[in-house]
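[1] Here is the input, now give the coordinates:
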Amino acid sequence: MYDEILSNPKSTRVKRVAALSRKKERVEQGRFLVEGPQAVRELLTHRADLAEVVFATQGDEPWQAELKTLAEQAGVYLDYVSDSVLAAMSETVNPQGIVAVATTWEGNLTEALKDARLVVIMHEVRDPGNAGAVLRAADAAGADVVIFAGESIDPFHPKVVRSTTGSMFHLPVEVTLSLEEAVTAVREAGLTSLAADVRGSDVLEARADGVLAGRVAWVFGNEARGLSEAERALVDRSLKLPIYGAAESLNLATAASVLIYETAFAQRA
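    Residues are numbered from 1 along each chain as shown. Just a heads-up that it's a prediction; the model follows:
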């Protein structure tokens, strides 16, 4: 821990941290931002090996003492900074008083899928809030792996990290170059691939057939256009959620959460 408060928002050190809001810099530095007390708490508790440094403002909030202790226990530097420095580092308009810098990782998809029963694949999901919400739902439902495929948003984007509220530190998060690569990997691992698509059959049929009780990998497509014909052809089966009311459809995060939990219920029945 440094003795002096870091107070110059224009310093090279601060600019280097702030640059992590850009993907090019994240790739070059091999680092990413973790913002907010909850996300930093989960980082230090579950993946302290990734944490490089924590920057925090001084105050008397209960979480400040807690995270100071967690950083010390993990052997991670905690540097106190001014409000202006934290604002310069943070990607948010109203920062929550703490930012951590962590190292990115390259996973091992084959190893992660070895004993997996529930896998979530996002293909060309572009909205960081949606991506984070789906990852968080997957974590809550006990999923084993989350895969970002194709042109999906970078899982290390600050808004994705923030919207997961720490869930990305609870389970393997993998990246593949294409949906085909992801589906091939889950099939080789023995999972059935299911696409969420409005042109598919009713998910209740799959539940009755016992499909959801097995080892399942769900594929969720782009928010605006879903999955193409060619993309749907890659998976074993396409399923849709029934709409009982007058709503035209459900948004991606809501539909994904329902389907992930429906599968978790079936696997635990």
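
[2] Would you agree D197 falls within a strand?
    Yes: D197 forms part of a strand when assessed by DSSP: H, G, I helix; E, B strand; the rest coil.

[3] I'd guessed it sits against R232; true?
    Yes: counting by CB atoms under 8 Å, D197 does reach R232; the two are 6.0 Å apart. (C-beta placed from N, C-alpha, C; glycine too.)

[4] intersection of neighbour lists for those two?
    Common contacts of D197 and R232, defined by CB atoms under 8 Å, 6 or more residues apart in numbering, comprise S238.

[5] Show me what stretch 217-227 is in contact with.
    For stretch 217-227, the external contacting residues (CB under 8 Å, 6+ apart) are 116, 118-127, 130, 134, 179, 182-183, 186, 191-198, 231, 235, 238, 251-252, 255-256, 259-260, 263.

[6] From the residues you listed, list the buried ones, please.
    Neighbour counting by 16 or more other CB atoms under 10 Å classes 116, 118-125, 127, 130, 134, 179, 182-183, 186, 191-197, 231, 235, 238, 252, 255-256, 259-260, 263 among those as buried.

[7] Helices - which of the residues you listed land there?
    Secondary structure assignment by DSSP state H places 130, 134, 179, 182-183, 186, 231, 252, 255-256, 259-260, 263 of the buried ones among the contacts of stretch 217-227 in helices.

[8] Return the member of the residues you listed nearest to R16.
    Nearest to R16 among these, counting by CB to CB, is N130 at 29.4 Å.

[9] can you tell me which residues contact that closest one?
    Contacts of N130 by CB under 8 Å, 6+ apart are E223, N251, L252, A253.

[10] Skip the chain neighbours and tell me the closest residue to the last one.
    Taking CB to CB, 6 or more residues apart in numbering, and ignoring the residues beside it in sequence, A253 has A133 as its nearest neighbour in space, at 3.8 Å.

[11] Go ahead and confirm the one you found touches S257.
    Yes: using CB under 8 Å, A133 is in contact with S257, at 7.3 Å.

[12] So for the two, which sits in the more crowded spot?
    More crowded of A133 and S257, by other CB atoms under 10 Å: A133, with 22 against 19.

[13] Contacts only, for that one.
    A133 sits next to S163, A253, A256, S257 when contact means CB under 8 Å, 6+ apart.

[14] Make a markdown table from those and add pLDDT and distance to G97 to it.
    Output for these, formatted as a markdown table (pLDDT from 0 to 100; distance: CB to CB, whole Å):
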| residue | pLDDT | distance to G97 |
| --- | --- | --- |
| S163 | 95 | 18 |
| A253 | 96 | 27 |
| A256 | 97 | 31 |
| S257 | 98 | 29 |
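
[15] nearest to E4, of these?
    When the contacts of A133 are ranked by distance to E4 (CB to CB), S163 comes first, at 33.6 Å.

[16] Report how many residues lie close to that closest one.
    Neighbourhood size, S163 [other CB under 10 Å]: 22.

[17] And the spatially closest residue to it that is not a sequence neighbour, which helix or strand is it part of?
    Computed as CB to CB, 6+ apart, the closest residue to S163 that is not its neighbour in sequence is G132, at 2.7 Å. Per DSSP states H and E, G132 falls inside helix 128-140.

[18] which two in the contacts of N130 are spaced the farthest apart?
    Among those, E223 and A253 lie farthest apart (CB to CB), at 9.0 Å.

[19] okay, these two: which has more neighbours?
    Ranked by neighbour count (other CB under 10 Å), E223 and A253 place A253 first, with 22 against 15.

[20] OK, contacts around the more buried one?
    Contacts of A253 by CB under 8 Å, 6+ apart are G129, N130, A133, V134, A137.

[21] from these, which single one is nearest E111?
    Once CB to CB is applied, the member of the contacts of A253 that ends up nearest E111 is V134, at 22.5 Å.

[22] ok, now which ones touch the residue lying closest to that closest one once chain neighbours are set aside?
    Leaving aside its sequence neighbours, V134 sits nearest to A256 (CB to CB, 6+ apart; 4.6 Å). Applying CB under 8 Å, 6+ apart to A256 gives the contacts V120, A133, V134, A137, A196, W218, F220.
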